[in-house]
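1. A predicted structure for the sequence below; I have some questions about it.
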Amino acid sequence: MKTPDLKECREKLDGIDREIVRLFEERMAVCGQVAEYKIETGKAVYDGEREKQKLAAVREMAAGDQNKEAVEELFTQLMTMSRRYQYSLLCARKKTPPLGFTEVEEIRKRDVRVVFQGVEGAYSHAAVRMYFGEDADAYHVEKFEDTIRELERGQADYAVLPIENSTAGFVITNYDLLSRYDNYIVGEIYVPVDHVLLGVPGASVSDVKTVYSHNQALMQCSEYLDSHGDWNQVSVLNTAAAAKKVMEEGDKTQAAVASRTAGELYGLAELKTSISNERGNTTRFLVLSREPVYEKKASKVTVTFEVPHVSGSLYKILGNFIFNGVNMRMIESRPIPDKPFEYRFFVDIEGNLSHAPVHNALAGIQAEASSMKILGNY
Ligand SMILES: O=C(O)C(=O)C[C@]1(C(=O)O)C=C[C@@H](O)C=C1
């Protein structure tokens, strides 16, 4: 067979592609009319049954398995783009389904009660003080889930929960709590995990003989502590309990490894700053509220959704972000407790619920996913 001429082939392709673009634009214009119909009648943009029929029909038209697969993929994309276009028309006419959130100028931080998990002086407490101020009306409970219950019962206005550590990763069980309860993320705080050596006022490093802390914190400061080989290292329940013990016993030979906040709360002196082996270790905390509100300046949305257990369903859902030009920052999956080997996804995207692209993407997911919940915009 004679070798085909590349230039000739490309000219043929150029002609075909011109036709495809013309037909694509013609198709999109008709989709615009469909959107008008849907705006008038209130019918949902997404029609799963129609899409299934369409894919079966175009598969039937194509010859050979390879083309059948390719045509199905092509029309899946075409209909995704069609939906995206329709959502943008609905959004421009303010006809998109409401997302259920109210915009506020700023989250109220004064005269509020805040609950956190742990004890006074723990890093969660430091997070509360960073967000709500040093004199925040804060109280603590034993378990993470208790914080959420306190919110639900109206005992607290906000709850503060750790969600991610820069070295240890996600506190994944807290994501489960977020999907189970009707609370919303309204803010986030990055707290440096910066351990310091605390002693009674007037003491110095040379007085120290025994150091108390949580086992993890002792390990995280092993380089500094081991450079004082004669010190006795004693593990206690948590870092704040160590600080409390040193304060109560008032003994210059005792020191605690804890946060600066713990030192301030228990009136201890900072004998040595920043003693962690690793610098830059940070924990991210979320601020939760019962109210589905978001600040005008909010720039990150967290959403959770379940997708049908079929090939390509996650790809289609994520297409809502891609085709709206929305940047995704994080994706995590968690098993769904009553559906073995099915997963719920948690995604962070950049943007604000009042921005059309974000609204379009979320309205699309709301229609197409088996379930979806916006966990907050902050
Ligand atoms: O037929 C419709 O209702 C349309 O909106 C058109 C269309 C398509 O592009 O073919 C797009 C979205 C629907 O989910 C189904 C089909």
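-> It's in. Treat the numbers as computed from the prediction; the structure is a model and nothing was measured. Numbers count the residues shown, from 1 in each chain.

2. wait, doesn't Ala262 sit right on Val119?
-> No: between Ala262 and Val119 there is no contact under Cβ atoms under 8 Å: 9.1 Å. C-beta coordinates here come from the backbone N, C-alpha and C atoms, glycine included.

3. Which residues are in contact with each of the two?
-> Shared contacts of Ala262 and Val119 (Cβ atoms under 8 Å, 6 or more residues apart in numbering): Ala240.

4. Who has more neighbours out of the two?
-> Ala262 (30 against 19; other Cβ atoms under 10 Å).

5. On the three-state scheme, the more buried one is what?
-> Classification of Ala262 by DSSP: H, G, I helix; E, B strand; the rest coil places it in helix.

6. please begin residue numbering at 6 from this point
-> With the count now opening at 6, the last piece we talked about shows up as Ala267.

7. Can you name the residues that contact the nearest residue to it once chain neighbours are set aside?
-> The shortest distance from Ala267 to any non-neighbouring residue, by Cβ to Cβ, 6 or more residues apart in numbering, is to Gly126 (3.2 Å). By Cβ under 8 Å, 6+ apart, the residues touching Gly126 are Thr244, Ala245, Ala248, Lys249, Ala263, Ser264, Thr266, Ala267, Leu270, Tyr271.

8. Could you tell me which of those are located in helices?
-> Using DSSP state H, Thr244, Ala245, Ala248, Lys249, Thr266, Ala267, Leu270 are the members of those that sit in helices.

9. Give me the number of neighbouring residues for the third one.
-> This means Ala248. 32.

10. next one: the last one
-> For Leu270, the count of nearby residues is 21 (other Cβ under 10 Å).

11. before we move on, back to that, who wins for neighbours among the contacts of Gly126?
-> Busiest of those [other Cβ under 10 Å] is Ala248, holding 32 neighbours.

12. Report the secondary structure state of the spatially closest residue to Ile112 that is not a sequence neighbour.
-> Closest residue to Ile112 apart from its sequence neighbours, by Cβ to Cβ, 6+ apart: Val191 at 5.2 Å. Of the three states, Val191 takes strand under three-state DSSP.

13. What's the separation between Val191 and Leu156?
-> Applying Cβ to Cβ, to the nearest Å, the value for Val191 to Leu156 is 11 Å.

14. where do the contact lists of these two overlap?
-> Overlap of the contact sets of Val191 and Leu156 (by Cβ under 8 Å, 6+ apart) consists of Tyr163, Leu293, Ser294.

15. and the first one, what is it in contact with?
-> This points to Tyr163. By Cβ under 8 Å, 6+ apart, Tyr163 lies in contact with Val117, Arg118, Val119, Val120, Phe137, Leu156, Val191, Val292, Leu293, Ser294.

16. same thing with Arg349?
-> Neighbour list for Arg349: Ser184, Thr309, Phe310, Glu311, Ser338, Arg339, Pro340, Ile341 [criterion: Cβ under 8 Å, 6+ apart].

17. just checking, which of those belong to strands?
-> Under the assignment DSSP state E, the contacts of Arg349 contribute Thr309, Phe310, Glu311, Ser338, Arg339, Pro340, Ile341 to strands.

18. now, the most widely separated pair of these?
-> Phe310 and Pro340 (14.5 Å; Cβ to Cβ).

19. Which one's more surrounded, these two?
-> Phe310 (21 against 12).

20. tell me the pLDDT at the more buried one?
-> Looking at Phe310, its pLDDT stands at 96.

21. now do Asn282
-> We have a pLDDT of 90 for Asn282.

22. Tell me which residue of the stretch 156-305 of the chain lies closest to the ligand.
-> Proximity of the stretch 156-305 of the chain to the ligand (Cβ to the nearest ligand atom) peaks at Ser184, 26.6 Å away.

23. what's around that residue, how many residues?
-> For Ser184, using other Cβ under 10 Å, the count is 16.

24. Just list the residues touching it, thanks.
-> With contacts taken as Cβ under 8 Å, 6+ apart, Ser184 has the following neighbours: Thr309, Arg339, Arg349, Phe351, Lys378, Leu380.

25. Quick one: residues contacting the closest residue to the ligand within the stretch 56-205 of the chain.
-> The stretch 56-205 of the chain approaches the ligand most closely through Ser87 (3.1 Å), counting by Cβ to the nearest ligand atom. Contacts for Ser87 (Cβ under 8 Å, 6+ apart) come out as Arg32, Met33, Cys36, Val39.
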